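[1] give me coordinates for this.
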Amino acid sequence: MSEFSADAGLGGAATNAGKNPGNDFDAEPGALLELAVGVARDAAATARRMRAEAIGDVETKSTATDVVTAADKAVERQVIEALRAARPGDGVLGEEYGSTEEAATGPVRWILDPIDGTVNYLYGLPQYAVSLAAEVGGTVVAGVVVNAATGDEWTATLGGGAWRGGRRLHCSAPAGLGQALVGTGFSYDARRREHQGRVVAGLITRVRDIRRFGAAALDLCAVAEGMLDGYYEKGLNPWDWAAGGLIATEAGAVVSGLNGAAPGLDLLVAAAPAVFNDLHDVLANLDASGGP
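    The predicted structure follows:
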């Protein structure tokens, strides 16, 4: 597969995303990515445009501190409609409205987080993203993450590398875990946060420092770009990491769960190969996948 540039060959994607290209798109990763980029760019523009309205229309989700906005729902509806117009047989797994797989007949399932980093969105912190991945036969083959606040964009196709702004990405190569900058995230459930706090307390003396940005998809892109040497979090759903996980993997990072498990709700660890094993072992010893 030829190398893919995020800026190459995508000029028509955003324009055509709202139209119906019919059978012009098949399950080839490059074609799926082209569609995903156009749809995600339009969705990011909607999120930016709606922010002033959204902060006044807030519902609680899992707890009083975890919010879902009108924009989350509107962006997800927009993406689903655009994907259905382009590929009516595909399924969609989205954070707000769940799965549309029941009516799907095609080989592709789209995995969507309409606004990853909702609290950042509400507070105006420029770390919130639209994340969209295409899965074929249970394997994610294309993904895009767009920071809706800044317009920064990361893309990847399976076997085609990870890209940002026409630049191919490679994860970092720190000298050791003690020199690693590690990102993480926390649950909105107070009981789980207490356990996660103990894990951080045990880890912080073993690494260079720890960062918490508040958007898993962007954290994974930071690992891909070498802005973080590693990242871990418990409680992530597929829409949180499907696109970002592919981007990090295609940049050379290792993305896994603990003790050979697949990444997912119990734990996701993404890190440069130079520090993955050591970070994994510390997190296993700290029982990072345990607790509520």
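[2] any weak-confidence spans in the stretch 151-292 of the chain?
    By pLDDT under 70, the stretch 151-292 of the chain has no low-scoring segment.
[3] just the strands in it please.
    Secondary structure of the stretch 151-292 of the chain (DSSP state E, counting those that start in this stretch): strands located at 153-157, 161-164, 167-168, 181-184, 209-211, 230-233, 254-256, 268-271.
[4] the third one pairs with which strands?
    The partner list of strand 167-168 in its sheet, established with DSSP bridges, is strand 161-164 (antiparallel).
[5] ditto for the first one
    For strand 153-157, the paired strands and their directions (DSSP bridges) read strand 139-147 (antiparallel), strand 161-164 (antiparallel).
[6] could you dump the strands of the stretch 151-292 of the chain to CSV with distance to Ala190 and mean neighbour count?
    Backbone N, C-alpha and C define where each C-beta goes, glycine included. CSV is the format used below for the strands of the stretch 151-292 of the chain (distance: least, Cβ to Cβ, whole Å; neighbours: other Cβ atoms under 10 Å):
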stretch, distance to Ala190, mean neighbour count
strand 153-157, 32, 29
strand 161-164, 36, 24
strand 167-168, 41, 14
strand 181-184, 17, 23
strand 209-211, 20, 12
strand 230-233, 17, 27
strand 254-256, 28, 20
strand 268-271, 21, 29
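[7] in TSV, list these along with distance to Glu96.
    Putting these into TSV (distance: least, Cβ to Cβ, whole Å) gives the following:
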stretch	distance to Glu96
strand 153-157	22
strand 161-164	27
strand 167-168	32
strand 181-184	24
strand 209-211	27
strand 230-233	20
strand 254-256	25
strand 268-271	21
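[8] isn't Gly233 up against Ala270?
    I think there's a mix-up here, since residue 233 is Glu and not Gly. No. Taking contacts as Cβ atoms under 8 Å, Glu233 lies outside contact range of Ala270: 9.2 Å.
[9] if we can go back for a sec, to Leu246, which of the strands paired with strand 153-157 lies closest?
    Leu246 lies closest to strand 139-147 among those, at 4.4 Å (Cβ to Cβ).
[10] what's near enough to touch Asp278?
    By Cβ atoms under 8 Å, 6 or more residues apart in numbering, Asp278 lies in contact with 176-177.
[11] and it, how far from Gln196?
    For Asp278, the distance to Gln196 (Cβ to Cβ, to the nearest Å) stands at 20 Å.
[12] does Val255 have beta-bridge partners, and which?
    Val255 has these beta-bridge partners by DSSP bridges: Ala270.
[13] got it, and Gly161?
    Beta bridges link Gly161 to Thr157 when assigned by DSSP bridges.
[14] tell me the mean pLDDT over the longest helix along the chain?
    Criterion DSSP state H: the longest helix present in the chain is helix 29-54. For helix 29-54, mean pLDDT is 92.
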